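**Student:** predicted structure and sequence below. I'll ask about it afterward.
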Amino acid sequence: MAPPRTFLLNFSAVPVTVLAVLIYSFLFLAVFVTDETSDVSRDQEGLNVDRALEDLHVITYRPHPVLSHAHDDAHAYVFFRLSALASNSSYVHVSNDVQSSASYVTGTTGSYYESTNILVKVDGTDPQTLNDGVLFSAHLDSISTGPGATDDAIGIVTMMQLVEYLAHPERRPRKTAVFLFNSGEEDGLNGSHMFLEHPWANLTSEFINLEGAGSGGRPLVFRSSTLGSVRSFASGSIDHPHGNVLCHDAFDIGVLRSRTDYQVFEKGLQGIVPGLEGTDYSFYRDRAVYHTPRDSIAQLGTEELRKSVWAMMDGARGAGLALLNEDKSSDDGNKAVYFDILGRSFVVFPLRYLLTGNIVLLVFGPVSLLALLVWVVTVVDRHTNAGARASHTTTISRVGAVLVAMMSWGRFWGALGTTVLGQALLVNAFVQISPFAIYSYATTILLSSLSLTYITLVLPLQASQHYYKTYPAQSQKLAVLLSLFLVTWEGLLLSTIAVGKYSVGGVYFVTALYLSVWSAAGVGLGEAAWRAGNASEAEREREVFDLMGETGLVGGPVVQRTNVRSEVYDGPVLVDAQEVEVEGTDAVGEDVVVTEHTPLIHRAGESLDRRGSNGRGAPREAVKTHIEENAWWIGQMVLLIPFPVILISQLQLLLTHSLRHSLADGNSPLPVYAGIAFFSTLIGLPITPFAHKLHCDLTRLMIIVFTISTLYALLAFPFTQEYPLKIFFQQKLFMELPSPAHPYGQVSHATTLLTGPAGYVNNTIIPSLPNSLGKPLDCHVDNTSRAGLLMCGWDSTDLLPSPGGLRTIMNHPNASKDLHPDAVHSDDWMTVHLSRRGTHNATIAIAGHNTRACRIQFDDPISYYRVRTTDAGNDPLPPPMKKYDFQPGYEITSEGVTDLPLWSRTWGQEFIVDIGWNVSTTARSGGMLKGTVGCAWAEYASASAGAGWAGASGTIPALEEVVRFLPLWAAPIKWTYGLVETEARFAV
């Protein structure tokens, strides 16, 4: 029996299995532990988490969308707090922007918006950096169906803390800081457009946009436009930095489709406000409760909330101070590669470094290994009898033969093919049988995918070694390493093309995997040379180092050779290669078959007995253990596994967190399952060189884990109270405008619309709502906002909403009298006036009661519009109030405008819209311009309860019913601008 120390170094089942399990367990534990939010630092260094939480409670007391009086309350509170801070400092200034307004067009959607932004300017100390300031931005408005704790109240209170931090004289920054408390992000990025109208926009060149695309957890550097902006997160002053360039790539190729103010800041206004460089710093986990009533303080819990607030504050302060106090470097404008390592360090470097490094490695890697291989063959020739039998065989031919033997050995490739096929079948099973399983059971699916990877990679290699052994065991290890190197070289080639042609930086992990495999393969070749140079005479006679495959690599038979007067003769087959490892007999003994070439007198020093001697007095076991019991394999495992597995495991978790809940938005389940399968395969690849030495019991355990986890994930109901399914709500009122028959107009009917995944929304959700029972259901697949989801509607005229407020009809005989409490007239909701101004001009005036948003949609595109208010007079074409009608870079294109949302800062504001169109536009409509007009409302009783204005709040009984009767595994979310929208046909 081998001594304990020697046993631990032995390349055998128990040591290899124990070390592999320890390494992978430690790595997975480290990745999962550091994926959680870290504790609040004891020394907050001028920040105050408790004060931020007080502000957060006030702001998120109720939902506060732009179309709510709660937004006015939140706006007033934030303005009051900031004004108090500014009053104590001469270099801190507050601007309540209620003057800016603008029109802008994106695609065929036009917009008109009036600002209610709050801005704070902290003057820098260096006048040379006057126009090189830093913008911090977060949006004050929430969605109408949730209080918006993470989206984006944490960003707001973080900026309030930063203002207070910089207002201290000792912490005044070198560059000017501008803080944008953005009112109007959720419904079209309107607040950021308004910022570009403000004079302070020209004071900044960089930005940090604080966002909340999830619910709690660690904020992530989601996107970054340049190296300089993301380098600020590597300043060393952030406790636990978190970011990854792969998210930026996902935005660029459309895998992630969220729109944030980042894109508006980055573009700027053509010729007026230069585009800014910056980052999106955002929460991204648990999107199942994002934009729902559960994006709240109660959902997060006090302790987790404190951690999330601190994580955002610490990251924003660390990166912000780096931007505010440091000079730009010459390469700051370049594209960057960035990622964190276990939340402890943040790696940032120019994208061109990755491209250059990859190109060098593509050439140097194979050349260096080939050179090592030549050296190994040379050493083998020098120390074995192989070199004596064929003097005409050259080193080059030997190298070629070795390469052919290595690469033609199909064990690794068979295992890899089995893994790819197995993962494809598993992905297909989840997509076809239970596509939403990832929604609530991400950890279970990760277990399923990783255990399948282990089974399909390891089991074929173990089976092949069992039925077709190689000796020594290092031969298979080296062969698999070289095969693995070829795979990673091909991967590096593809990733280099992606970097060079498409500027994709998220493939850095391929480079890391390649480097690990290359270094381990180099050590493997070094081991082969060492073994050849340190073998005993008996080992050399058994030719265990014959890399050609006669006795080693390909598991062929052992051929007896004898040496008579320096000539080598081949004898008959003695034993199979696997027997050599067990027997360890003498070169000449009972197992030797006597031939005509056998010498009559043995050479001196050779023993004829079989008592355990190798001819030099060493025990028989030494013939085997001298080679097998060494630490080479340990070094290879340490080189091969930890670094790439950490990077790839982090990416797998990041992908899972980012995409698992996007399925409720209509996204395909294939990318998330395929991504998990891809990363699982990469995580498993480093174990393949050692697979044939892993204990069979571990394989059996993995089979059990795979079976249980897969069946559970496939059969369990996919939604839970912790991770609810998002169901999109809207109630639509179809109206007729006033006519001689109906002088006040009428609500012809109302429809409640719920949108969600087919099979759930129509078969489970809607039947649970009392108002839908017994009514025909009209369902169709949405192909616009959230493609792939099923939109179902039913008549809810018996559950009409109310706009709230004091509603009177213009020109009504009793104008001061409140209208019908059920709001059954169109004039209860909105007033519309239409007038034709020429062959291709018209004016539409529209005002909603107790709202400040309306909308005009055109059957055929218009080519021009201008919005004015009642204060501008009745001139249909007044002179422009500024030098442009549309924000530069956001003008109407040749496609025209078919959708025109209108937003005012004033309740009940009338919008007077002058429009123009090409004559050909209305030719097919008999010269008439046709479309729909309507307004939007977002207030409802349960969200307004307790407010001083609750009596004037709107009511939406249909929504209240959904909230009350929706299953606990589902949560309501708004469909579009308004929870209630009116729609009336017009022709002018």
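**Tutor:** Structure's in. What do you need?
**Student:** buried residues in stretch 57-66?
**Tutor:** For stretch 57-66, the neighbour count (16 or more other C-beta atoms under 10 Å) marks 59, 60, 61, 62, 63, 64, 65, 66 as buried. C-beta here means a position set from N, CA and C on the backbone, and glycine is covered the same way.
**Student:** distance-wise, check the second one relative to residue 119.
**Tutor:** Same thing as residue 60. According to C-beta to C-beta, to the nearest Å, residue 60 stands 22 Å off from residue 119.
**Student:** adding pLDDT, secondary structure and distance to residue 269, write the buried residues of stretch 57-66 out as JSON lines.
**Tutor:** Supplementary listing: the buried residues of stretch 57-66 in JSON lines, determined by pLDDT from 0 to 100; DSSP: H, G, I helix; E, B strand; the rest coil; distance: C-beta to C-beta, whole Å:
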{"residue": "59", "pLDDT": "98", "secondary structure": "helix", "distance to residue 269": "30"}
{"residue": "60", "pLDDT": "97", "secondary structure": "coil", "distance to residue 269": "33"}
{"residue": "61", "pLDDT": "96", "secondary structure": "coil", "distance to residue 269": "36"}
{"residue": "62", "pLDDT": "96", "secondary structure": "coil", "distance to residue 269": "35"}
{"residue": "63", "pLDDT": "97", "secondary structure": "coil", "distance to residue 269": "32"}
{"residue": "64", "pLDDT": "97", "secondary structure": "coil", "distance to residue 269": "28"}
{"residue": "65", "pLDDT": "97", "secondary structure": "coil", "distance to residue 269": "26"}
{"residue": "66", "pLDDT": "97", "secondary structure": "coil", "distance to residue 269": "22"}
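**Student:** how about those, which pair is most distant?
**Tutor:** With distances taken as C-beta to C-beta, the most widely separated pair in the buried residues of stretch 57-66 is 61 and 66, at 16.7 Å.
**Student:** now do the contacts for residue 334.
**Tutor:** Residue 334 sits next to 226, 227, 350, 351, 352 when contact means C-beta atoms under 8 Å, 6 or more residues apart in numbering.
**Student:** try 10 Å this time
**Tutor:** Residue 334 sits next to 226, 227, 228, 349, 350, 351, 352, 353 when contact means C-beta atoms under 10 Å, 6 or more residues apart in numbering.
**Student:** I'd like these laid out as TSV, including secondary structure, distance to residue 31 and pLDDT.
**Tutor:** Output for the contacts of residue 334, formatted as TSV (DSSP: H, G, I helix; E, B strand; the rest coil; distance: C-beta to C-beta, whole Å; pLDDT from 0 to 100):
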residue	secondary structure	distance to residue 31	pLDDT
226	coil	29	92
227	helix	26	93
228	helix	29	91
349	strand	22	96
350	strand	27	95
351	helix	25	96
352	helix	29	95
353	helix	25	97
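**Student:** let me know the closest of those to residue 431.
**Tutor:** For the contacts of residue 334, the nearest to residue 431 is residue 351 (33.4 Å; C-beta to C-beta).
**Student:** nearest spatial neighbour of the closest one, chain-adjacent residues omitted?
**Tutor:** residue 335 (4.2 Å; C-beta to C-beta, 6 or more residues apart in numbering).
**Student:** from what I can see that neighbour touches residue 348, true?
**Tutor:** No: between residue 335 and residue 348 there is no contact under C-beta atoms under 10 Å: 11.3 Å.
**Student:** give me the common contacts of those two.
**Tutor:** With C-beta under 10 Å, 6+ apart as the test, residue 335 and residue 348 both reach 224, 227, 230, 245.
**Student:** in the stretch 651-800 of the chain, which spans are strands?
**Tutor:** Applying DSSP state E, counting those that start in this stretch to the stretch 651-800 of the chain gives strands spanning 725-736, 746-756, 778-781, 790-795.
**Student:** of all those, which lies closest to residue 24?
**Tutor:** When the strands of the stretch 651-800 of the chain are ranked by proximity to residue 24 (C-beta to C-beta), strand 725-736 comes first, at 34.0 Å.
**Student:** then that closest one to PDB, C-alphas only?
**Tutor:** Provided in PDB are the C-alpha atoms of strand 725-736 (Å, rounded to 0.1, in the frame of the first residue of the first chain):
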ATOM      1  CA  LEU A 725     -46.400  35.900 -13.900                       C
ATOM      2  CA  LYS A 726     -46.900  39.400 -15.200                       C
ATOM      3  CA  ILE A 727     -50.400  40.000 -16.700                       C
ATOM      4  CA  PHE A 728     -50.800  43.200 -18.800                       C
ATOM      5  CA  PHE A 729     -53.900  45.200 -18.100                       C
ATOM      6  CA  GLN A 730     -55.800  47.900 -20.000                       C
ATOM      7  CA  GLN A 731     -59.400  49.000 -20.200                       C
ATOM      8  CA  LYS A 732     -60.400  50.700 -23.400                       C
ATOM      9  CA  LEU A 733     -63.500  52.900 -23.800                       C
ATOM     10  CA  PHE A 734     -64.800  53.200 -27.400                       C
ATOM     11  CA  MET A 735     -66.600  56.500 -27.900                       C
ATOM     12  CA  GLU A 736     -68.600  58.500 -30.400                       C
END
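**Student:** all set, thanks.
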